[in-house]
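Peer 1: Give me the fold of what follows.
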Amino acid sequence: MTGVEFPTMETGTPARIARAYVISIAIWSALSLLTGWNYLIFDQSANIRSTLRDMLILAEARGLAYALLTPPMFFIVAHFSFGPGSRWRSLLAYVTGAAPFMLICAEIRWLICPPWDPKISHFVTRGSSSPLVLLHDGFADLFYIYIAIVLAAHAYNYFERVRKQELDRSKIQEALAASELQALKMQLHPHFLFNTLHGISTLIDSDKKSAQAMIVKLSNLLRNALEHSGSDLIPLQDELKFAGEYLDIEQMRFGSRLKVTMSIHPGTLRCLVPQLILQPLVENAIRHGIASSRGNGWLEIGSRPSERGLELSVRNSVGGSRPKGSGVGLRNTKARLRYFYADEATVSFSIDAEQRAAVVLVLPNLESHVQAGNSAQARYGVNDEASEYARADY
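Peer 2: Predicted structure coming up:
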C-alpha cells in the first residue's frame, strides 16, 4: 500500500484526511461486498431466509463503521506507538484501547443501520435493541477486526519508515555525489590556470605583445568558464568553444609548430556533455605532445555518433618519452564520468607504435533542444548538407 496517505492524518491537512477516509471507505466497501455474499451463503446453508440485498446492507453497514475508525487507528499507531524497549507497555495500551474501539464501532453501526434479527430474517427498530447488544453479539468479530487494523497500521508504518529512510539515503548520496563532482570540477580550474599562466610567463620576456594577447584570451576563457559554472551538462558546441579558446592561447605560445584539427560530426553539436570534459584531455595532449618535443606536433579533437552513444576523441603526437601514469586530467575525467553516468560511459587511452596517443570517450547520447549556432558551424565547418565529418584546421 505504498503511497497511501491515510495512516498519517496530520493536523492542518484536510485534503489528506479526506483522502484517507475515501481510501478507507473504498477498501472496506470492497471487502464488505465479499462479506455480504458470505453471509448469504451461510444463511442458505442454515436454512435461514435472507436476501442478497439485506446481507449487503448489513455487511456494508459494518464495513462503514470499520472504515470510519481505521484512519484514527492508523494515526494513533503512527504517532503514539512505543519503542522496542516498551513492548509490554505497548501491549497493555493496545489491549486497553480495544474496549473503546469496539464500543464506538458498535455505536456507529447502530446509528448507520437498524439491528438485524436473524430469527425473523428482517431488520428491526433501533428501540428494540441497543449498541451494547450489538457489542455482545459481535464481540469476537469486533475484537478480531481491532487486532487486524492494529497489525495493518504497524505494517504500513514500518514500510513507510523504510521508504522514507531509503529516500533520505538517496538524497544524502545525491548530495555527496554533487559535492564530489563540484570538488572534481574545482580541481580542474587551478590546474589549467596554472599551466596557462606558465605558458604566458615564457613569452613575457621574448614576446610581450603575444603575452598581453594571451592574458586577454585567458580572461575571456575564465569568463566563459564562469558562465557555465552552475551547469553540469552543456551542449558539445559550447564545450568545443571553450576548448578552442584554450587552444588559441596555446597556438600563440607554440605558433606554427602546433597544428590543431577539429573533426566534428554535425549531428553531435547539440549533444550534452559534462562541462570541461575535453579541456583536461586537450591540456594533457599539449603537455605530453608538442610541449615535450623540440619539433612540430599535432592535435585532433573528434566527435561522431556511434552505436553506444556519443564518441569523443582527443588524439595527438607524443613528444619525447611516453608519459607514465594517467595524470590528473585523465583520472579526473574518469571520476566525473563515473558519477555522471555510472557504468554507461567508458574511457580508453592508448599509444600506438607510431607515437600517437588517443583518448576516446563514449557517453550516452543526450541531446539539447538548443540549435547549433552559426558561429559554431562556421568554426567547425559544419553545415546541414554535410555527409562526412566536418574538419577545421588552424
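Peer 1: At which residues are the strands of the chain located?
Peer 2: 116-117, 122-123, 233-235, 258-264, 272-274, 297-306, 309-317, 346-351, 356-363, 390-393 (DSSP state E).
Peer 1: H154 touches V77, doesn't it?
Peer 2: Yes. Using Cβ atoms under 8 Å, H154 is in contact with V77, at 5.9 Å. (Glycine included, C-beta is placed from N, CA and C.)
Peer 1: In terms of neighbours, single out the busier of those two.
Peer 2: V77 (22 against 17; other Cβ atoms under 10 Å).
Peer 1: residues contacting that one?
Peer 2: By Cβ atoms under 8 Å, 6 or more residues apart in numbering, the residues touching V77 are P7, V150, A153, H154, N157.
Peer 1: Can you lay out the strands of the chain as CSV showing distance to Q165?
Peer 2: Converted to CSV, these look like this (distance: least, Cβ to Cβ, whole Å):
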stretch, distance to Q165
strand 116-117, 47
strand 122-123, 50
strand 233-235, 30
strand 258-264, 47
strand 272-274, 31
strand 297-306, 40
strand 309-317, 34
strand 346-351, 34
strand 356-363, 33
strand 390-393, 52
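Peer 1: which of these sits most buried?
Peer 2: strand 272-274 (a mean of 23; mean count of other Cβ atoms under 10 Å).
Peer 1: burial of R163, as a residue count?
Peer 2: Residues within reach of R163, counting by other Cβ under 10 Å, total 12.
Peer 1: What distance do you get for it to S170?
Peer 2: R163 is 11 Å from S170, where distance means Cβ to Cβ, to the nearest Å.
Peer 1: thinking again about what came up before, which among the strands of the chain is found nearest to S206?
Peer 2: Closest to S206 of the strands of the chain, according to Cβ to Cβ: strand 258-264, at 16.8 Å.
Peer 1: I'd like to know which elements the closest one is packed against.
Peer 2: For strand 258-264, the elements it packs on are helix 236-254, strand 297-306, helix 374-380, strand 390-393, judged by 3 or more Cβ pairs under 8 Å, 6 or more residues apart in numbering; DSSP states H and E.
Peer 1: Looking at the third one now, give me its mean pLDDT.
Peer 2: So that's helix 374-380. Mean pLDDT, computed over helix 374-380, is 51.
Peer 1: mind checking the backbone torsions on L278?
Peer 2: L278 adopts backbone torsions of phi -90, psi -30, taken as degrees, to the nearest 10.
Peer 1: ok, the nearest residue to F349 once chain neighbours are set aside - contacts?
Peer 2: Among residues not flanking F349 along the chain, V359 sits closest, at 5.1 Å (Cβ to Cβ, 6 or more residues apart in numbering). By Cβ under 8 Å, 6+ apart, the residues touching V359 are L281, N284, A285, S313, V314, R315, L330, T333, V347, S348, F349.
Peer 1: What pLDDT is listed against V359?
Peer 2: We have a pLDDT of 94 for V359.
Peer 1: cool, and the one 10 residues further on?
Peer 2: You'll see H369 listed with a pLDDT of 60.
Peer 1: The chain should start at 36 in everything you say after this.
Peer 2: Sure thing, new numbering starts at 36, so read that last one as H404.
Peer 1: Please enumerate the helices of this protein.
Peer 2: Along the chain, counting by DSSP state H, helices occupy 49-80, 87-115, 122-147, 166-172, 174-239, 243-262, 271-289, 314-323, 362-376, 409-415.
Peer 1: D387 and E318: what is the separation?
Peer 2: From D387 to E318 the distance is 21 Å (Cβ to Cβ).
Peer 1: same check, this time on R371
Peer 2: Here the criterion is Cβ to Cβ. By it, R371 lies 15 Å from E318.
Peer 1: what does G302 give?
Peer 2: Taking Cβ to Cβ, one finds G302 at 27 Å from E318.
Peer 1: Those two: which has the busier surroundings?
Peer 2: Comparing G302 with E318 by other Cβ under 10 Å, the one with more neighbours is E318, at 24 against 17.
Peer 1: How many residues are close by E389?
Peer 2: 7.
Peer 1: Could you measure from D378 over to I299?
Peer 2: D378 sits 27 Å away from I299, going by Cβ to Cβ.
Peer 1: Repeat that for I325.
Peer 2: 22 Å.
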